[in-house]
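Visitor: One predicted model, sequence on top.
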Amino acid sequence: MTASGPGGTESVGRPHFVLASASPRRLDLLRQIGLVPDRILPADLDETPARTELPRPYVRRMAAEKAEHVAASLTEPALVLGADTVVALGRRILPKAENRETARACLEQLSGRRHTVLTALSLVPSAGWPEGRRSERVVETAVTFSRMTSHQIESLLDLGDWQGKAGGYALQGHAAAFIRFLSGSASAVIGLPLFETAQLLRGQPGHWLP
């Protein structure tokens, strides 16, 4: 693992730190707290929610399955971080917006309403590092959009940063101009709750973070 300490030196002799995600946002967030994964191995899994599956169990399951899938493929000592984020309206999971129509439907439902963003973390050690500890956390954040006109929604869609985003928006994107309330972790809404990630890593054997 490569981790810069207060003096700028690198930690050595640690198991590999592996990110089970290709998300550039998660990579940037890890770098923000001085962590650079040794490897990035996205887990190619079916992310379809089970029928009647609620948001919290779903996001927890997906983060764990991603980390487990990658950890099982490794023989070297490693610690794998899996994460998943969902946008929920009550008991309903909003989809990731893969096209403009889906993004529009999500934004129309979120307009003027409070919703919940849940991000789950899962740390899973590989079989090559038996000293490692499995740990997980689910972080819940409340977000409220102002009421948006049809013209404002179409303007957001034209800007394009909804693509591939849960609920059809990105907090770090243009939709931030319409978010009037947030209670919880902003970094979790972006894709990785930094405080909770750091806490879980500090609970692992060895000096992962100061």
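Guide: Looks like it arrived, so ask away. Residues are numbered from 1 along each chain as shown.
Visitor: Please make it C-alpha for all contacts and neighbour counts, starting now.
Guide: Will do.
Visitor: Am I right that Ala71 sits in a helix?
Guide: Yes: when DSSP: H, G, I helix; E, B strand; the rest coil is applied, Ala71 is found to be in a helix.
Visitor: What about the residue nearest to it when sequence neighbours are not counted, how many residues nearby?
Guide: Nearest residue to Ala71, sequence neighbours excluded (Cα to Cα, 6 or more residues apart in numbering): Ser126, at 4.8 Å. When neighbours are counted by other Cα atoms under 10 Å, Ser126 registers 26.
Visitor: for Leu157, same thing?
Guide: When neighbours are counted by other Cα under 10 Å, Leu157 comes out with 22.
Visitor: so what's the backbone phi/psi at the closest residue to it other than its chain neighbours?
Guide: Nearest non-adjacent residue to Leu157, counting by Cα to Cα, 6+ apart: Arg100, 6.8 Å away. Main-chain torsions, Arg100, degrees, to the nearest 10: phi -60, psi -40.
Visitor: Repeat that for Gly203.
Guide: phi -80, psi -10.
Visitor: contacting residues around it?
Guide: If a contact means Cα atoms under 8 Å, 6 or more residues apart in numbering, then Gly203 has no contacts.
Visitor: For Lys66, see how far away it is.
Guide: According to Cα to Cα, to the nearest Å, Gly203 and Lys66 sit 20 Å apart.
Visitor: just Asp158 next, same as before
Guide: Asp158 is 32 Å from Lys66, by Cα to Cα.
Visitor: okay, the two: which has more neighbours?
Guide: Legend: neighbour count by other Cα under 10 Å for Asp158 and Lys66, higher for Lys66 (28 against 11).
Visitor: my read is that one is in a helix, agree?
Guide: Yes: per three-state DSSP, Lys66 lies within a helix segment.
Visitor: what's the following helix or strand after the helix or strand of the chain with the lowest mean pLDDT?
Guide: Ranking every helix and strand in the chain by mean pLDDT, DSSP states H and E puts strand 2-3 at the bottom, with a mean of 44. Taking DSSP states H and E as the definition, the helix or strand that follows strand 2-3 towards the C-terminus is strand 16-19.
Visitor: Run me through the strand neighbours of that following strand, direction for each.
Guide: Next to strand 16-19 in the sheet, as set by DSSP bridges, lie strand 39-40 (parallel), strand 78-89 (parallel).
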